[in-house]
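In: No letters, just coordinates:
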Ligand SMILES: Nc1nc2c(c(=O)[nH]1)N[C@@H](CN(C=O)c1ccc(C(=O)N[C@@H](CCC(=O)O)C(=O)O)cc1)CN2
Ligand SMILES: NCC(=O)N[C@@H]1O[C@H](COP(=O)([O-])[O-])[C@@H](O)[C@H]1O
């Protein structure tokens, strides 16, 4: 079977790092999470605010009433009591965002591990970095020469690595609906403009910054959004603004935006791995601040 032969590293099936089998080491199960159902009443003002009576904070557990979901937290809410998440990163190029995320998993800023790298360019800089770090590299999608995995086999492979979240970081192919359905509210992408402006088919890499400059926009910046079946149309989770200078070249703007991308993606993925994403009743995802659970960004 395709997946079996790939496990043993027959690279024509798209597994480029045979040293690492598909089947991960068993994670030691943590004590069962204490599920706390929350109820909250959002104010009608533009800002999200909690009325005092709905926020009861005890020394060990923040008890915020929130109707829109259940947050699994452990007593004291310490990071070490939240299960470490398994991440898959998808790249097509140099992978500076991938490298930045990897660094944050190594230094503990992100409570997660990058379990696998997926790419449509097995020789790209991101794939080379992954191989250097002993991270398995999977080719996707399937190419004309027969290499690479189909969507179905890719989902099977990601399940074998127990992947919790998929992070697109400069991946330039449209994710298929099968993958999106397999990972609901669990796939993020970073885009180098303030979506919904300058997004969609044809807007990637330097093309984005060229369009921003040509438009005369005075601000740009990265957007991190959930991925749906279309390019760049998923729910926006986070943005940062970056000035566009009058004499900026596309390369200068790209460098300024990329610097903010690295910081923003680390912060967002850290929140994701600490179960600090809250879905508002109207479907807008918010990031709960680590220091103050009743503040959101
Ligand atoms: N289902 C989804 N798949 C992907 C999304 C998404 O939001 N939903 N985001 C993209 C990333 N992206 C912008 O952030 C993006 C990437 C590529 C393109 C594009 O126009 N690609 C060209 C092909 C380019 C190439 O092969 O060199 C194309 O499709 O013609 C637009 C936006 C990742 N996937
Ligand atoms: N529309 C998708 C897109 O343009 N993504 C952009 O590709 C670059 C990848 O750089 P990296 O490989 O160094 O992380 C990043 O700027 C990312 O925002």
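Out: Received it, and whenever you're ready, just let me know what you need. The shown structure was predicted, so the numbers you read here are calculated from the model rather than taken from an experiment. Ligands and ions are numbered 1, 2, ... in the order given.
In: Flag every residue of the stretch 151-297 of the chain that's near ligand 1.
Out: Residues of the stretch 151-297 of the chain lying close to ligand 1 by C-beta under 6 Å from any ligand atom are 168, 171-175, 189, 191, 201-204, 227, 229-232, 234. Just so you know, the C-beta spots here come from the backbone N, C-alpha and C atoms, and that holds for glycine as well.
In: One more pass at 8 Å, please.
Out: 168, 170-177, 180, 189-192, 199-204, 225, 227-234 (C-beta under 8 Å from any ligand atom).
In: Narrow those residues to those in strands?
Out: Judged by DSSP state E, strands contain the following of those: 168, 189, 190, 191, 225.
In: Nearest spatial neighbour of the first one, chain-adjacent residues omitted?
Out: Closest residue to residue 168 in three dimensions, ignoring its sequence neighbours and counting by C-beta to C-beta, 6 or more residues apart in numbering: residue 189, at 4.0 Å.
In: Near the one you found, how many other residues are there?
Out: 24 (other C-beta atoms under 10 Å).
In: circling back to that earlier point, considering only the residues of the stretch 151-297 of the chain next to ligand 1, which also neighbour ligand 2?
Out: Among these, the residues that sit close to ligand 2 (C-beta under 8 Å from any ligand atom) are 168, 170-172, 189-192, 199, 203-204, 231-232.
In: what about residue 280, neighbour count?
Out: 16.
In: right, I mislabeled it, should have said residue 273
Out: A total of 25 residues lie near residue 273 under the criterion other C-beta under 10 Å.
In: before we move on, what about residue 272?
Out: Residue 272, neighbours per other C-beta under 10 Å, totals 24.
In: for it, phi and psi?
Out: phi -60, psi -40 (degrees, to the nearest 10).
In: So it sits against residue 165, correct?
Out: Yes - using C-beta atoms under 8 Å, residue 272 is in contact with residue 165, at 5.8 Å.
In: who touches both of these two?
Out: Taking C-beta atoms under 8 Å, 6 or more residues apart in numbering as the criterion, residue 272 and residue 165 both touch 85, 112, 188.
In: Dump those into JSON lines; add neighbour count, pLDDT and distance to residue 221 as well.
Out: Listed next are the shared contacts of residue 272 and residue 165 as JSON lines, based on neighbours: other C-beta atoms under 10 Å; pLDDT from 0 to 100; distance: C-beta to C-beta, whole Å:
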{"residue": "85", "neighbour count": "21", "pLDDT": "98", "distance to residue 221": "26"}
{"residue": "112", "neighbour count": "22", "pLDDT": "98", "distance to residue 221": "25"}
{"residue": "188", "neighbour count": "23", "pLDDT": "99", "distance to residue 221": "16"}
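In: Name all residues that make contact with residue 141.
Out: 120, 148, 149, 150, 151, 154, 173, 176.
In: do you know how far it is from residue 126?
Out: Using C-beta to C-beta, to the nearest Å, we find residue 141 at a distance of 16 Å from residue 126.
In: cool, residue 194 as well?
Out: Going from residue 194 to residue 126 by C-beta to C-beta gives 25 Å.
In: cool, and residue 250?
Out: Counting by C-beta to C-beta - residue 250 and residue 126 are separated by 22 Å.
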